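# Structure of the sequence below:
(one chain, ligands or ions: 1)
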Amino acid sequence: MIILGINAYHGDAAAALIRDGRLIAAAEEERFNRIKHSAGFPAAAIRWCLQEAGIDITQVDHVGISRDPSAHLHKKVLFAATRAAKQVSLGRLRGAEVVETLDTTSTSQNGKSNGRGTGVLQQVRDRLQNAARVRDLKDELARLFEIPKAKLRTEFHNIEHHRAHLASAFYVSPFDRAALLSIDGFGDFISTMWANGAGNSIEILGQVEYPHSTGIVYTATTQFLGFPHYGDEGKVMGLAPYGTPRFINEFRDILRTEEGGRFQLNLEYFRHHAEGVEMTWDQGSPVVGRIFTDEFAHTFGPARLPGDPLTDRERDLAASLQLRLEEVGFHILNHLHEITGATDLGLAGGVAYNSVMNGKILLNTPFKRIFVQPAAGDSGTAIGVCYEIYNGLLRHERGAVMTGAYTGPEFAPERIQAAIEDVKVPFEIYSDEEVTKRAARDIADGLVVGWFQGKMEFGPRALGNRSIVVDPRRADMKDILNERIKKREPFRPFAPSILEECVGEYFEQTHPAPTMLMVYQVRQQKRSQIPAVTHVDGSGRLQTVSREVNDRYYQLISDFNKLTNVPIILNTSFNENEPIVCTPEEAINCFLKTKMDVLYLGNYALRREIPEGF
Ligand SMILES: [Fe+2]
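From the prediction side, this is the model:
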């Protein structure tokens, strides 16, 4: 039984493939086409998934996509009825078009601006096209593989967006029963959905509909603070600890809680519900159209322009926004616990990338264990689709648990060697035992080390297979990384990878965080020992590393621990202002154009300067 899951025409297009319930492959399209957050049809990811499974498209039994244009139709119609009256009276839109404009931001098929204008009618055209494509997946696949449609014996499914998120948070979790929360900007007219997961079923218990969304509040404020790109919300989360939440009352008015775990936006602050929001592209990266209205400026003063200096006002706005998100998150979760009685929680949706909020859940709710889908954003719905079909619809026994996120391409030593020989640079080869020892010594010597191993990660975090790793004890490492490679805003923190058994020694909480989606406080007395990975408020977005989940990465940190008595290394993603590297060629190219000191690819090593003795 082969199932292919797809997220398409939506940020972070991706594909995943399962065989008899086992997760064989999952990857984002951006890693192949090298366009950040690519939003078109994930053609290359699909091709790779099939290649990884050793099959062709005609052997796939089920294909699903994480969109269902017919979902929540009555609610869409109800909402549209109000708007259509206004719009038609202005002679701008027909009622049916209004319904189609209600889903998430508009993107053209190839994820690039098509240059045909940016007006409301253009948005409508794009959205109608996208909705049609979601319905005509069979056509799209037949075209992609250049075969007659009749040859596809596959059954096709539209899985509602949040159901796909919920499935990704439950069916691959270690829990037989759990409370589930999906929380994002929007998908299929919904921003937040909560449920009870038990065995092979996900029972929806509540939802918040368009236009109310915590994700929209975060994105709108992120834009107002002068960070315009898709995915910039993480920057504001990093900025928040520098400020004090002196605007919390304003944010409590902008985002209001209601009975039953629900919330509402003060719509005066937002334009998405009235005018729609378009996504355009800037040098390959998505830019979401302006969501906030002038009400933001009336309340907080003028918007910061990108590149303007950051002042206390921006820091305080970020702190207030972050605090309000946490308050509302715990409001939903406490309600969810009340109605389910569950102490295990599965979490997904783009807002679940807010690792600061995630790290506080155990402190502010009765939940005891949390599984956050590693690809909590929309790429992870590709996995959700697969398991919603396999476990939810077809009722097959569960058994797959995602302990890490290593589901992407890996490359044989021959391919790595060929890639190195192509660029004609000297290299060394180490044994399995030597390679981690040697790299640990390089890290302890203060070198910037590229670490390219095994299968590429799924989701936004590099987890020790496509990583750049350095010594967390050196306070200047943050600046060195930024100067030489990452060029990030100086206020953004870098993250620690720590041996799982040492977490309690260094952090105030110990719940495992194997996919770097929790932020905990570093113990007071340890902060000065690891300054490069301790944020301004004493926190760290940690990755807990166990031998079972990533043997080689565990060994690397162990060897570093043996040399330094610190079981932690700084881990940042292997890229320079581009999607994380996928292939050895991309890793070597990044190594050559940046000022990385040494690059390990499997057991091979390239050095910028060959040290004595080699
Ligand atoms: Fe989503």
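# Which single residue in the protein comes nearest to the ion?
When scored by C-beta to the ion, the chain has Asp184 as its residue closest to the ion, at 3.7 Å. Backbone N, C-alpha and C define where each C-beta goes, glycine included.
# would Leu205 count as being in a strand?
Yes. Counting by DSSP: H, G, I helix; E, B strand; the rest coil, Leu205 is found in a strand.
# Neighbours of it, how many?
Leu205 has 17 neighbours, counted by other C-beta atoms under 10 Å.
# for Ala412, same thing?
Neighbourhood size, Ala412 [other C-beta under 10 Å]: 10.
# residue contacts, it?
By C-beta atoms under 8 Å, 6 or more residues apart in numbering, no residues touch Ala412.
# Could you check how far it is from Tyr230?
34 Å (C-beta to C-beta, to the nearest Å).
# Also Asp139?
Per C-beta to C-beta, Asp139 is found 28 Å from Tyr230.
# more crowded one of these two?
Tyr230 (19 against 13).
# Look up the closest residue to that one, ignoring the ones flanking it.
The shortest distance from Tyr230 to any non-neighbouring residue, by C-beta to C-beta, 6 or more residues apart in numbering, is to Pro286 (3.8 Å).
# for Arg315, same thing?
Gly243 (3.2 Å).
# Next: Asp476.
Distances taken as C-beta to C-beta, 6+ apart put Ala532 closest to Asp476, at 7.9 Å, once the chain neighbours are dropped.
# swap in Asn482?
Arg488 (5.5 Å).
# can you check Asp68 too?
Using C-beta to C-beta, 6+ apart and skipping the chain neighbours, the partner closest in space to Asp68 is Asn158 (3.9 Å).
# my guess is that neighbour contacts Val63, does it?
No. Here Asn158 lies out of contact with Val63, judged by C-beta atoms under 8 Å, at a distance of 10.4 Å.
# When these two are compared, which one has more neighbours?
Set Asn158 next to Val63 and count neighbours by other C-beta under 10 Å: Val63 wins out with 26 against 19.
# can you pull the contacts of the more buried one?
Shown in contact with Val63 (C-beta under 8 Å, 6+ apart): Ile3, Leu4, Gly5, Ile6, Leu137, Leu141, Thr154, Glu155, Phe156, His157.
# Could you do Glu457 as well?
The contact partners of Glu457, taken as C-beta under 8 Å, 6+ apart, are Pro374, Gly404, Ala405, Tyr406, Thr407, Gly408, Leu463, Asn465, Arg466, Ile580.
# And those residues, which is closest to Gly11?
Distance to Gly11, by C-beta to C-beta, is smallest for Ile580 among the contacts of Glu457, at 15.9 Å.
# roughly how far apart are the closest one and Phe251?
Distance of Ile580 to Phe251, computed by C-beta to C-beta: 33 Å.
# Over to Arg143?
Distance from Arg143 to Phe251, by C-beta to C-beta: 47 Å.
# Please say which of the two ends up with more neighbours.
Phe251 (25 against 13).
# Skipping adjacent residues, who's closest to that one in space?
Arg324 (3.8 Å).
# Show me how far whichever strand or helix holds that neighbour is from its chain's centre.
In the assignment (DSSP states H and E), Arg324 maps to helix 312-340. Relative to its parent chain, helix 312-340 has a centroid offset of 19 Å by C-alpha atoms, centre = their mean, to the nearest Å.
# try stretch 492-501
The answer for stretch 492-501 is 18 Å, by C-alpha atoms, centre = their mean.
# okay, how far is it across that stretch, tip to tip?
End-to-end span of stretch 492-501 (C-alpha to C-alpha, to the nearest Å): 27 Å.
# What residues sit buried inside it?
Pro493, Phe494, Ala495, Pro496, Ser497, Ile498, Leu499, Glu500 (16 or more other C-beta atoms under 10 Å).
# Three-state assignment for Ile24, please.
With three-state DSSP as the criterion, Ile24 reads strand.
# so how far is Ala15 from it?
Distance from Ile24 to Ala15, by C-beta to C-beta: 11 Å.
# How about Phe507?
Phe507 sits at a distance of 35 Å from Ala15 (criterion: C-beta to C-beta).
# Comparing the two, which shows the higher neighbour count?
More crowded of Phe507 and Ala15, by other C-beta under 10 Å: Ala15, with 31 against 24.
# what's the more buried one sitting at in phi/psi?
phi -140, psi 150 (degrees, to the nearest 10).
# What residue, apart from its backbone neighbours, is nearest it spatially?
With C-beta to C-beta, 6+ apart as the criterion, Ala15 has its nearest non-adjacent residue at 3.9 Å, and that residue is Ala45.
# Now do the SS call for the one you found.
Going by three-state DSSP: Ala45 is helix.
# burial count for the residue nearest to Gln524 when sequence neighbours are not counted?
Spatially, and ignoring its direct neighbours in sequence, Gln524 is nearest to Gly538 (7.1 Å; C-beta to C-beta, 6+ apart). By the criterion of other C-beta under 10 Å, Gly538 has 15 neighbours.
# Also Asn561?
Counted with other C-beta under 10 Å, Asn561 comes out at 17.
# Following the chain past the host helix or strand of it, name the next helix or strand.
Asn561 is located in helix 551-564, with elements delineated by DSSP H and E. For helix 551-564, the following helix or strand on the C-terminal side (DSSP H and E) is strand 568-573.
# For Phe186, see how far away Cys1 is.
You called it Cys, but residue 1 is Met. 32 Å.
# residues contacting the residue nearest to Pro496 when sequence neighbours are not counted?
Residue nearest to Pro496 in three dimensions, not counting chain neighbours: Val533, with 3.8 Å by C-beta to C-beta, 6+ apart. Contact analysis of Val533 by C-beta under 8 Å, 6+ apart lists Pro472, Pro493, Phe494, Ala495, Pro496, Gly540, Ile568, Leu570.
# Point out the residues in this protein that sit beside the ion.
Neighbours of the ion within the chain, by C-beta under 5 Å from the ion: Asp184, Gly187, Asp378.
# The residue nearest to Ala15 contacts Ala8, doesn't it?
No. Using C-beta under 8 Å, Ala45 makes no contact with Ala8, being 9.7 Å away.
# any low-confidence regions in the stretch 251-400 of the chain?
283-285 (pLDDT under 70).
# Buried residues in stretch 216-234, which are they?
Going by 16+ other C-beta under 10 Å, stretch 216-234 has these buried residues: 216-234.
# no, scratch that, I was asking about stretch 262-281
262-263, 265-266, 269-273, 276-281.
# Out of those, name the ones that lie in helices.
Within the buried residues of stretch 262-281, residues falling in helices by DSSP state H are His272, His273.
# give me the number of residues near the spatially closest residue to Asp12 that is not a sequence neighbour?
In this structure, Asp12 finds its nearest non-sequential neighbour in Ser379, 4.1 Å apart by C-beta to C-beta, 6+ apart. Residues near Ser379, counting by other C-beta under 10 Å, number 33.
# what do you get for the one 5 residues further on?
When counting by other C-beta under 10 Å, one arrives at 34 neighbours for Gly384.
# ok, it - contacts?
Per C-beta under 8 Å, 6+ apart, neighbours of Gly384: 5, 66, 159, 163-169, 171, 348, 373.
# pLDDT weak spots in the stretch 51-200 of the chain?
80-135.
# at 90 what do you get?
69-138, 153 (pLDDT under 90).
# now the helices: where do they sit in it?
73-89, 95-100, 120-135, 137-144, 161-170 (DSSP state H, counting those that start in this stretch).
# What about Ala382, how many residues nearby?
34.
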